[in-house]
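Asks: Have a look; sequence and predicted model below, questions after that.
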Amino acid sequence: MYDKGSNMIHTIRQVINNDNLFKQILRGLNKDFYHKTVSSSDIEQYFSQKSQMDLSRIFDQYLRTIYIPVLQWKRSGSQYLYRWANCVKGFNMQVKLRNGTWLNPTTQWKNIPVSRAGSAIEVDRNFYIETKKV
């Protein structure tokens, strides 16, 4: 029941894809906000600023909805088509496949050659998402 917050932070760690930077951000939170009252917005902006990534849609998805995003995919000849569903407008979180390939899905269908993705779209399990073959 209370796993969502830690899963979101772990997913953001995966999206940042730089453990040293992620650790600096966490340590910086303690240093920069020491003995201060902060809002969710303060923390969200801090993460985005320090990572130099727009994480706003990720926070919107995981903090402001009850839905887990779904990466839908299907095979079309020598391509896989994929997109986000069950998500906030503009959700565009990148995800890593188990073979190390990164996808940059949006809510619109995108494609990747089967040769790059493998025998199926298999997302690294460190991302707090669902996948669904459609």
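Replies: Yes, it's here.

Asks: For stretch 101-108, buried residues please.
Replies: Going by neighbour count (16 or more other C-beta atoms under 10 Å), the buried part of stretch 101-108 is 103, 105. C-beta here means a position set from N, CA and C on the backbone, and glycine is covered the same way.

Asks: Rounded mean pLDDT for the one helix or strand Gln49 maps to, please.
Replies: Using DSSP states H and E, Gln49 sits in helix 40-51. Mean per-residue pLDDT for helix 40-51: 97.

Asks: Can you spell out which helices and strands pack onto that helix?
Replies: Judged by 3 or more C-beta pairs under 8 Å, 6 or more residues apart in numbering; DSSP states H and E, the packing partners of helix 40-51 are helix 19-32, helix 56-64.

Asks: Buried residues in the longest one, which are they?
Replies: Under the neighbour-count criterion of 16+ other C-beta under 10 Å, helix 19-32 has 22, 25, 29 buried.

Asks: gap between the second one and Gly90?
Replies: Which is Ile25. 23 Å (C-beta to C-beta, to the nearest Å).

Asks: Next up, the contacts around the residue most central in space within the chain.
Replies: The residue lying closest to the centre of the chain (C-alpha atoms, centre = their mean) is Met93, at 4.3 Å. By C-beta atoms under 8 Å, 6 or more residues apart in numbering, the contact list for Met93 reads 11, 15, 57-58, 61, 69, 84, 105.
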